[in-house]
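> What follows is a predicted protein model with its sequence.
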Number of protein chains: 2
Amino acid sequence: MTDRLDLAFSALADPTRRAILTMLLEDDMAVTDVAEPFQMSLAAISKHLSILTRAGLISQEKRGRVKWCKLEPTAMKDASVWMESFGQFEVVNLDAFERFLDDELVDSPDNLTEQTDQA
Amino acid sequence: MTDRLDLAFSALADPTRRAILTMLLEDDMAVTDVAEPFQMSLAAISKHLSILTRAGLISQEKRGRVKWCKLEPTAMKDASVWMESFGQFEVVNLDAFERFLDDELVDSPDNLTEQTDQA
DNA sequence: GCCTTTGTCAACCAACTGGTTGAATAACGT
DNA sequence: ACGTTATTCAACCAGTTGGTTGACAAAGGC
């Protein structure tokens, strides 16, 4: 219990934490800066960051009095690999191939800002 | 809150539910048969199944007195797509492309039968 | 030295989770 | 009609989660 996948998926289950990961996609950030756009307390964000750290999704390194947060995509990739087993049923076709090529051409991930409203 | 991704990721965060999904990879199953390998009560499994249903990861159809559970990979794929954005850092290269082509050549997914710890 | 900034810790709280049990519902076999 | 099988419902419980606040420690600036 509480293996890698448990930690990764339950860390990803929270929208605040997903938003944080999206922010870190742009650049490494200090804890205070991560907290800035949110309405909740700094302590709450600090907790979220330690959950993300425990899941291996980010790493934190203290330099001076500032603690820098850095995205660690490896843990996410493990979870992604687990999920991909389920996808094979439907996606092995030219459509997927085309989308793959499209993704290759996109160099900056501007369309990533938490796409929750597109239901 | 509690949007699609919240539901999908938190459903996937539980090892029992991931095991259930893996079982359903093989074939559609009745609730009782899903419950059989687990040590917990049937009611607990029933709850897990409704969580998976609410997340869209499976569908349930009642035929006679038996409720059949069927894998629905679409919801998982949504989550997978979200995650893949984070992979771009490391995988955008010929390696990924090559693996994609390899997958294309495999016509039957026979190598899927044992990728988890499910006994 | 002193004040400010950065971040965590500890205690607390309400809400949710994952399990239990026992009763209820619904369809089947005979 | 009756007992059996399949599944859910309702109430309950312990433990976890996601937030709060106030106190604290550590590093920097002046």
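Perfect, I can see it now. Residues are numbered from 1 along each chain as shown, chains lettered A, B, ... in the order given.
> is it fair to say residue A:69 lies in a helix?
No. The assignment for residue A:69 is strand, going by DSSP: H, G, I helix; E, B strand; the rest coil, so no helix is present there.
> What helices and strands are in contact with the helix or strand where residue A:49 lies?
Assigned by DSSP states H and E, residue A:49 belongs to helix A:42-54. Judged by 3 or more Cβ pairs under 8 Å, 6 or more residues apart in numbering or on different chains; DSSP states H and E, the packing partners of helix A:42-54 are helix A:4-12, helix A:15-26, helix A:31-35, strand A:58-63. Every residue, glycine included, has its C-beta placed from N, CA and C.
> Could you dump the ones you listed into TSV with mean pLDDT added?
Below are these laid out as TSV (pLDDT from 0 to 100):
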stretch	mean pLDDT
helix A:4-12	95
helix A:15-26	96
helix A:31-35	97
strand A:58-63	96
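> Can you pull up the residues of chain A that come close to DNA strand C?
A:30-33, A:42-43, A:46, A:49-50, A:60, A:65-68 (Cβ under 7 Å from any atom of the strand).
> Distance of the residue nearest the centre of chain A relative to DNA strand D?
Central residue of chain A (Cα atoms, centre = their mean): residue A:21, 3.8 Å from the mean position. Using Cβ to the nearest atom of the strand, to the nearest Å, residue A:21 is found at 14 Å from DNA strand D.
> circling back to that earlier point, among the residues of chain A next to DNA strand C, list the two that are farthest apart in space.
Using Cβ to Cβ, these span at most 18.5 Å, a distance reached by A:43 and A:68.
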